[in-house]
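>>> Just to be clear, the model below is a prediction. Sequence and coordinates:
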Amino acid sequence: MSIGKVVSMSSRLVTAIAPSSKPFFEKLLRQGQLMKRAFYYFNDARLVIKYMHWEGPEIEHEKLRAELIFQYHKLEKGLCMPGPKRFFGADPAKATLSLIRRWHEQGFRKDSTIYLGAIEALRSYRAHIDLYPPQSDGAQGLAQDIDTLLKQHLDILVDLRTPMPHGTALATDFESLTRLMLLRRSVRSYTSQEVDIGVLRECINSAQYSPSACNRQPWRVHIYTQADLITALLQLQNGNHGFGHQLSRLLIITVDMKSFFDGTERHEPYIDGGLFSMSLILALQAHGISSCCLNWCVKPDTDVKAHLVGAIPEHERIVMYLAVGHAAADAMVPRSARKGDQEIVQLH
Ligand SMILES: Cc1cc2nc3c(=O)[nH]c(=O)nc-3n(C[C@H](O)[C@H](O)[C@H](O)COP(=O)(O)O)c2cc1C
């Protein structure tokens, strides 16, 4: 018998004998319910401890890739800083070289845009060293090490040169974006026309340009197309009643916890994952594809079930389900009035 049931039974017994104790037991039960939910944090903590670290001898592709981006992005950023130029970045440059060595040892793909991006960051950084030489001797070896690596990469075909000039918005961009924002609504009435997977991929590629902490792009998108699988996954989610049955495509957006170096980044999966989701939703809308976010506010055991049913690895956290489809011609949407800016802005 659960603790909750024992407290509930005892409270009934005691309040029958001493009715004045009723408020006390009611409060105890309420707090017990809240406490029970606080235990969900244990599951979060377990996953953070298990997956959110870059320590240990094992070399995994996800972790190495995330760490490589994390290090070379410091060089990319440094090269764009305003103000007087100076030598910088010896530590991240050394770390980048060391991670590239490990990449070679592991035989990971050298045509990966992340790998090539690292090479290009080192190429620009090397030119910077020539212009702003280090004061200490320690960095001399660094320049030679970079030269040796660059000699192996004279024929990069994709243009990943970094940094690059910042673009300028067109006069019509704000208008177009606002129109798109107003057009996007959570749609709950769809036709049976299937959304083309190629179009989904195109939208995902566009959403790839979402910002993420150190550009680690930790999100993943699971696309489900089989009716029975979609039904099984939707049964685990509580917000699709009345319209989920129409879906011929369901997306689950997850974030790979191995992209993060430790528990200080524990909220980052939802921040990066949320930003990506919004970009994807807008990209879909721009393609005329409607969507509806489906919350993933579930107990840990439901989360485990969805990972099993959806073949999602445990180290990926589910950010949300996303219903996608072609809106029915007569689809209606809630007005869902928005707060005015005076209600949400605090000008300091
Ligand atoms: C994270 C998240 C979870 C949501 N979950 C659900 C859901 O489970 N079921 C649903 O019908 N709508 C869901 N929605 C849609 C919201 O109800 C909707 O975005 C909100 O009411 C504003 O309306 P609009 O999207 O049409 O502008 C969710 C939205 C978000 C952002």
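Sure, I can see it. Numbers count the residues shown, from 1 in each chain.
>>> which phi and psi does the most centrally placed residue in the chain have?
Note on the chain: the residue nearest the mean C-alpha position is Gly273, at 2.6 Å, using C-alpha atoms, centre = their mean. Here is the backbone geometry of Gly273 (degrees, to the nearest 10): phi -60, psi -40.
>>> what's the answer for His73, then?
Torsion angles, degrees, to the nearest 10, at His73: phi -70, psi -30.
>>> quick one, what contacts it?
Contacts for His73 (C-beta atoms under 8 Å, 6 or more residues apart in numbering) come out as 121, 214-215. Quick note: C-beta positions are derived from backbone N, CA and C, even for glycine.
>>> One more pass at 10 Å, please.
Neighbouring residues of His73 by C-beta atoms under 10 Å, 6 or more residues apart in numbering: 92, 96, 117-118, 121, 162, 213-216.
>>> and the longest strand seen in the chain, how far out from the chain's middle?
Criterion DSSP state E: the longest strand present in the chain is strand 316-325. How far strand 316-325 lies from its chain's middle: 11 Å, per C-alpha atoms, centre = their mean, to the nearest Å.
>>> same deal with stretch 212-232?
Centroid displacement of stretch 212-232 relative to its chain, using C-alpha atoms, centre = their mean, is 10 Å.
>>> repeat for stretch 61-81
The answer for stretch 61-81 is 17 Å, by C-alpha atoms, centre = their mean.
>>> ok, now stretch 260-274?
Here stretch 260-274 is found 8 Å from its chain centre; the criterion is C-alpha atoms, centre = their mean.
>>> Just the buried residues of it, please?
260-261, 265, 268-269, 272-274 (16 or more other C-beta atoms under 10 Å).
>>> likewise stretch 282-297?
Buried, per 16+ other C-beta under 10 Å, within stretch 282-297: 282-285, 289-294, 296.
>>> can that stretch be found next to the ligand?
Yes. Among the residues of stretch 282-297, 292-295 lie within reach of the ligand under C-beta under 6 Å from any ligand atom.
>>> what about that stretch, start to end distance?
Using C-alpha to C-alpha, to the nearest Å, one end of stretch 282-297 lies 23 Å from the other.
>>> cool, stretch 256-268 as well?
With C-alpha to C-alpha as the measure, stretch 256-268 spans 10 Å from end to end.
>>> For the closest residue to the ligand within the chain, give me its contacts.
Relative to the ligand, the nearest point of the chain is Gly239 (1.9 Å; C-beta to the nearest ligand atom). Going by C-beta under 10 Å, 6+ apart, Gly239 touches 188, 292-297, 321, 323.
>>> Alpha carbons only: can I get stretch 185-192 in PDB?
Extracted C-alpha coordinates of stretch 185-192, given in PDB (Å, rounded to 0.1, in the frame of the first residue of the first chain):
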ATOM      1  CA  ARG A 185      -1.800  29.000 -35.400                       C
ATOM      2  CA  SER A 186      -2.100  25.700 -33.600                       C
ATOM      3  CA  VAL A 187      -4.300  23.800 -36.000                       C
ATOM      4  CA  ARG A 188      -6.400  20.900 -34.800                       C
ATOM      5  CA  SER A 189      -8.300  20.000 -38.000                       C
ATOM      6  CA  TYR A 190      -6.300  18.400 -40.800                       C
ATOM      7  CA  THR A 191      -6.900  16.900 -44.200                       C
ATOM      8  CA  SER A 192      -5.800  13.300 -45.000                       C
END
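>>> circling back to that earlier point, the residue of the chain closest to the ligand should be in a helix, yeah?
No. Gly239 is assigned coil when assessed by DSSP: H, G, I helix; E, B strand; the rest coil, not a helix.
>>> Distance check, it against Val221.
In this view, Gly239 and Val221 are 19 Å apart by C-beta to C-beta, to the nearest Å.
>>> repeat for Glu316
11 Å.
>>> Which residue of these two possesses the greater neighbour count?
For the pair Glu316 and Val221, the greater number of neighbours falls to Glu316 (25 against 17), based on other C-beta atoms under 10 Å.
>>> Could you pull out the helices in the protein for me?
Along the chain, the segments classed as helices by DSSP state H run 3-17, 22-38, 40-51, 61-78, 90-106, 113-131, 140-151, 173-183, 197-207, 227-234, 268-286, 300-309, 341-344.
>>> which residues touch the residue nearest to the centre of the chain?
Residues near Gly273 by C-beta under 10 Å, 6+ apart: 210, 212, 218-220, 253-256, 316-320.
>>> can I assume Arg102 is in contact with Gln71?
No. Applying C-beta atoms under 10 Å as the test, Arg102 and Gln71 come out as separate, 11.6 Å apart.
>>> So these two - more neighbours on which side?
Neighbours of Arg102 and Gln71, each counted by other C-beta under 10 Å, are more numerous for Gln71; the result is 23 against 13.
>>> I'd like to know how far that one sits from Arg126.
15 Å.
>>> returning to that earlier point: in JSON lines, list the buried residues of stretch 260-274 along with pLDDT and distance to the ligand.
Output for those, formatted as JSON lines (pLDDT from 0 to 100; distance: C-beta to the nearest ligand atom, whole Å):
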{"residue": "Phe260", "pLDDT": "97", "distance to the ligand": "21"}
{"residue": "Phe261", "pLDDT": "95", "distance to the ligand": "26"}
{"residue": "Glu265", "pLDDT": "97", "distance to the ligand": "20"}
{"residue": "Glu268", "pLDDT": "97", "distance to the ligand": "17"}
{"residue": "Pro269", "pLDDT": "98", "distance to the ligand": "14"}
{"residue": "Asp272", "pLDDT": "98", "distance to the ligand": "14"}
{"residue": "Gly273", "pLDDT": "98", "distance to the ligand": "10"}
{"residue": "Gly274", "pLDDT": "98", "distance to the ligand": "8"}
